[in-house]
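**Q** I need the structure of the sequence given here:
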Amino acid sequence: MGINMNQFFKVGLTLLLFVFVGCKASAQKFTTHAVKKGETLEGIAKQYRVDTQTILKLNKEVKRGDELRANTILVIPKDSKAKEVASQSTRKVESPTVQKEEVEEQEEPIGFTSYRVKKKETLYSISKRFHITEEAIKKYNPDLYSSQLKRKMTLKIPKYRRVKPEEEVVIDESNFDTYKVAPKETRWSIAYKYGITVDSMVVLNPELSKSNDYLAVGQELMLPKIAGSSVDNQQTQLYTSYTVPPKMNFFQLEQKFGVKSDEIVRLNPEITERGGLKEGMVIRIPQKKADSGEINTENFNFYEVKPKQTEFSLTRKFGISYKELLVLNPDLAQGLKAGMILKLPKEQEGNFEVRNSLVLDKINLVDSINMQNKPKLMFLLPFRLDKLDLSDKDRVANIIDKRNSLKYSLGLYSGALVAIDSIADLGISVGVKTFDNQLDLARTKEILQGESLSDYGAIIGPLDMPSMKETAVRASGKQVPLVAPIPAKSDLSLSNVFFSYTSDDVLRDRLISYVQGKRTAEEHIIIIADDKNKAVQRQLLTAFPEADTLKVAQEEKNIGINIEKLTQLLSEESDNWVFVETDNFKLVSSVSSILNSMNTEDIKVRMFTTNKNNAFDNEVISNSHLSNLRFTYPSVYKIASNDSFSKRYEKRFGSTPDRYAVRGFDITYDLLLKLAYKNSLMEASKVIGETEYSGSKFDYEKHGASGYFNQSSYILMFEDLRIKEAE
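**A** Alright, predicted model coming up:
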């Protein structure tokens, strides 16, 4: 059950080095060098008697021509001819005092769009087109400083969150309603009522947040009045106007709207006068509206139409006929428009996900990446190279085996390197900078002070909570997401933090829902929970009120259950499903052994837990017993199959990836694909549902100002001495 990290060292010390710097194993020796202020790549190469290309190859975060930043750690190859380098080359370098200047802080863009220059366009006309300055265009297209604008040139245009004021717009309030948000309403349900897009709602109500979709009950919104009616009486509208397209006939009209041809002719006498249906003719069509009650998240799901979608593609997507869709959405008769909100039956199923009653598209990210996006990542992890003597491989291996932070950092980063290579194979250019924060808050502050955080698409790490808080706060001001690669149980609550580990509460709810879905009502539930897990026992009793409980006897050094009382509780008529809730490995060992002995042809026993913590991984626990009991539990990750990642990892590092490496690959690959798709992790999380990779799932859901929380998990079970995903 434990992780054997010795696999990482089968090829010796060089494997450890390459896990850090991402190079193929070789027999070379290495040293590290902390860059001092003013040093150049050429100067360092000369000092160590190596060529600059070798340094660049070993340190992929460094690009030729870039200025080296002080304190960046470089890995340098050594040979028999190399100079001896003074020990101070790896010492901590103090940041120089920087003269503060009064400069106006320039707003950072939230993303970019590509624009191809047309004939006779000028820099001035393009700046006016996008409501930005000429200097802003030059800043992100530096070639324009030395060359002229040319036709067909592709420019990188920055997009800003703040809208620059132009002419004052005077709103005639008589044309608008003041609408109070009711319970169970969302932006999409209200937009549907008024027949507008969500973007239009935000423009009319600039106080609405652009970083999340939150609406408070009772919140007042300004919305355009519905012509000829109000929100309350819009259900009484009887007709809609329809412009006849080319080659339209009565049969097609009847199929499209479900209205007989004689009814259409009766309502539109001009058809007879003009000798039939004519292209461009505007006719009246009776609306058939569903008597559906309140338009809110309790009664309907909602979908925001995307560009280039057609009526045919939507009916296939939702598994619903056009007539049914039209009954729910009469405005469809005017044509499908990007941004319009559609109403769908609550029980409707199809190739989509639903989150808070909003239908999300299942997007193939690999097929949706934008080659113009060039994500840049920062890894801030505690490698502690300052504490390692890399010439003593046995001591290094022993230290890594005992130091969890280093073990996790190396595993995560080695998997991340494979993810970066995989993204590069798709044609996406990725910028990466890696820093050793040494599990030290002061060191973290020093690194962050020397970096322009707005240049990064995301930050992965750190692992220690003080450094994570510091990094999250600084990155929040630049709207840069921080991905927490480990469980972060603290008061860390910022809107830019992505918690990649699904919380224990969500995992517990998932397991309870799974059991409720699988149960036939005949299974007998028994709950065994120690004193520390009484709250969990109460939650289980709420879900299974008819369940029996068994008291755990707890003494100073011993813990266990009464075998006789357990025997009395077990049923011979139905299967016994036993929940074991504890973090004491002695209780797990005892209970699993007893249950296994009682699991016979006459008495069927299955074991569950809502929290598979370290107690269940202790070496005294029998995997054979767990397998016989079909032990079932929720998990953030599953064992990776022998997929392309595993093969690629083994080829690069000469060993099988452990769970940390799998996790590192999944987090990084998911992050880079989303940045390559939207260039903003926050924006991507609004439209992308659940994603899955080698051993992890991700479905980030925003919780107000507390950040984004992964809602995905697996239900796993032991069977035939193997762990597999439960059906």
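**Q** Only C-alpha atoms from now on, for both contacts and neighbour counts.
**A** Fine.
**Q** Can you tell me how far Ala136 is from Lys376?
**A** Distance of Ala136 to Lys376, computed by CA to CA, to the nearest Å: 20 Å.
**Q** Who has more neighbours out of these two?
**A** Lys376 (19 against 13; other CA atoms under 10 Å).
**Q** what's that one in contact with, if anything?
**A** By CA atoms under 8 Å, 6 or more residues apart in numbering, the contact list for Lys376 reads 430-432, 455-458.
**Q** nearest residue to it other than its sequence neighbours?
**A** Beyond its immediate neighbours in the sequence, the residue positioned closest to Lys376 (CA to CA, 6 or more residues apart in numbering) is Gly431, lying 4.2 Å away.
**Q** follow-up on the earlier one: I'd like to know which of the contacts of Lys376 is nearest to Asp199.
**A** Closest approach to Asp199 among those (CA to CA): Gly457, at 24.3 Å.
**Q** where's the residue nearest to the closest one when sequence neighbours are not counted relative to Lys433, distance?
**A** The spatial neighbour of Gly457 that comes closest, neighbours along the chain excluded (CA to CA, 6+ apart), is Lys376 at 5.3 Å. Distance of Lys376 to Lys433, computed by CA to CA: 8 Å.
**Q** Quick one: mean pLDDT over the stretch of helix or strand Ser422 belongs to.
**A** For Ser422, the element it lies in under DSSP states H and E is helix 404-425. For helix 404-425, mean pLDDT is 89.
**Q** Next: stretch 549-560.
**A** pLDDT averaged over stretch 549-560 gives 86.
**Q** Give me the buried positions along that stretch.
**A** Under the neighbour-count criterion of 16 or more other CA atoms under 10 Å, stretch 549-560 has 549-550, 559-560 buried.
**Q** got it, and stretch 470-489?
**A** Buried residues in stretch 470-489, counted by 16+ other CA under 10 Å: 470-473, 475-476, 478-486, 488.
**Q** Do me a favour and average the pLDDT over it.
**A** 90.
**Q** hey, where'd the strands end up in the stretch 201-350 of the chain?
**A** When assigned using DSSP state E, counting those that start in this stretch, the strands of the stretch 201-350 of the chain occupy the ranges 220-224, 239-243, 282-286, 300-304, 341-345.
**Q** quick one: which of those strands is nearest Phe130?
**A** strand 300-304 (25.2 Å).
**Q** neighbours around the residue nearest to Lys376, how many?
**A** So Gly431, with other CA under 10 Å, has 18 neighbours.
**Q** ok, of the strands of the stretch 201-350 of the chain, where does mean pLDDT dip lowest?
**A** Among the strands of the stretch 201-350 of the chain, strand 239-243 carries the lowest mean pLDDT, a mean of 72.
**Q** Leu492 contacts Lys469, correct?
**A** Yes - shown here, Leu492 and Lys469 form a contact pair, counting by CA atoms under 8 Å, at 6.4 Å.
**Q** more neighbours, these two?
**A** Neighbour count, other CA under 10 Å: between Leu492 and Lys469, Lys469 has more, with 20 against 17.
**Q** give me the element the more buried one is part of.
**A** helix 465-476.
**Q** show me what contacts the residue nearest to Asn299 when sequence neighbours are not counted?
**A** Distances taken as CA to CA, 6+ apart put Lys346 closest to Asn299, at 5.9 Å, once the chain neighbours are dropped. With contact set as CA under 8 Å, 6+ apart, Lys346 has these partners: 298-301.
**Q** do the same with Tyr303
**A** Counting by CA under 8 Å, 6+ apart, Tyr303 makes contact with 188, 341-344, 358-360.
**Q** go with 10 Å
**A** Neighbour list for Tyr303: 188-189, 192, 339-344, 354, 357-361 [criterion: CA atoms under 10 Å, 6 or more residues apart in numbering].
**Q** Also Tyr179?
**A** Contact analysis of Tyr179 by CA under 10 Å, 6+ apart lists 190, 218-224, 231.
**Q** Arg316 - how many residues pack around it?
**A** Look at Arg316: counted by other CA under 10 Å, it has 13 neighbours.
**Q** again but with Phe112, I slipped
**A** 18.
**Q** try the one 10 residues further on
**A** For Thr122, the neighbour count with other CA under 10 Å is 16.
**Q** thinking it is in contact with Ile137, fair?
**A** No - taking contacts as CA atoms under 10 Å, Thr122 lies outside contact range of Ile137: 11.7 Å.
**Q** Pull stretch 431-444 out as PDB, backbone CA atoms only.
**A** C-alpha atoms of stretch 431-444 as PDB (Å, rounded to 0.1, in the frame of the first residue of the first chain):
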ATOM      1  CA  GLY A 431       7.300  28.800 -20.700                       C
ATOM      2  CA  VAL A 432       8.400  27.300 -17.400                       C
ATOM      3  CA  LYS A 433      10.300  28.700 -14.400                       C
ATOM      4  CA  THR A 434      11.100  26.500 -11.500                       C
ATOM      5  CA  PHE A 435      12.200  27.700  -8.100                       C
ATOM      6  CA  ASP A 436      13.300  26.000  -4.900                       C
ATOM      7  CA  ASN A 437      11.500  27.800  -2.000                       C
ATOM      8  CA  GLN A 438      13.200  25.500   0.500                       C
ATOM      9  CA  LEU A 439      10.000  25.300   2.700                       C
ATOM     10  CA  ASP A 440      10.900  28.800   3.800                       C
ATOM     11  CA  LEU A 441       8.600  31.800   3.900                       C
ATOM     12  CA  ALA A 442      11.400  34.300   3.700                       C
ATOM     13  CA  ARG A 443      12.900  32.500   0.600                       C
ATOM     14  CA  THR A 444       9.400  32.500  -1.000                       C
END
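**Q** Show the average pLDDT along it.
**A** Rounded mean pLDDT across stretch 431-444 is 92.
**Q** for that stretch, which positions count as buried?
**A** Per 16+ other CA under 10 Å, stretch 431-444 contains these buried residues: 431-439, 441, 443-444.
**Q** and the nearest residue to Ser495 once chain neighbours are set aside, how many neighbours?
**A** Computed as CA to CA, 6+ apart, the closest residue to Ser495 that is not its neighbour in sequence is Gly707, at 4.0 Å. Residues near Gly707, counting by other CA under 10 Å, number 19.
**Q** My guess is Gly707 contacts Ser685. True?
**A** No - with contact defined as CA under 10 Å, Gly707 does not reach Ser685; the gap is 11.6 Å.
**Q** Which neighbours do the two have in common?
**A** 700-701.
**Q** now could you export just the CA positions of stretch 641-649 as PDB?
**A** Presented in PDB, the C-alpha positions along stretch 641-649 are these (Å, rounded to 0.1, in the frame of the first residue of the first chain):
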ATOM      1  CA  SER A 641      -3.100   2.200 -16.300                       C
ATOM      2  CA  ASN A 642      -0.200   1.400 -18.600                       C
ATOM      3  CA  ASP A 643      -1.200   4.400 -20.800                       C
ATOM      4  CA  SER A 644       0.900   6.600 -23.000                       C
ATOM      5  CA  PHE A 645       2.000   8.800 -20.000                       C
ATOM      6  CA  SER A 646       3.300   5.700 -18.100                       C
ATOM      7  CA  LYS A 647       5.300   4.600 -21.200                       C
ATOM      8  CA  ARG A 648       6.600   8.100 -21.800                       C
ATOM      9  CA  TYR A 649       7.600   8.500 -18.200                       C
END
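**Q** How about it, which residues are buried there?
**A** Under 16+ other CA under 10 Å, the buried positions of stretch 641-649 are 645-646, 648-649.
**Q** go on, stretch 599-609?
**A** 599, 604-609.
**Q** In a markdown table: the residues you listed, plus secondary structure and distance to Leu144.
**A** Shown next, in a markdown table, are those (DSSP: H, G, I helix; E, B strand; the rest coil; distance: CA to CA, whole Å):
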| residue | secondary structure | distance to Leu144 |
| --- | --- | --- |
| Asn599 | coil | 76 |
| Lys604 | coil | 76 |
| Val605 | strand | 73 |
| Arg606 | strand | 69 |
| Met607 | strand | 67 |
| Phe608 | strand | 64 |
| Thr609 | coil | 62 |
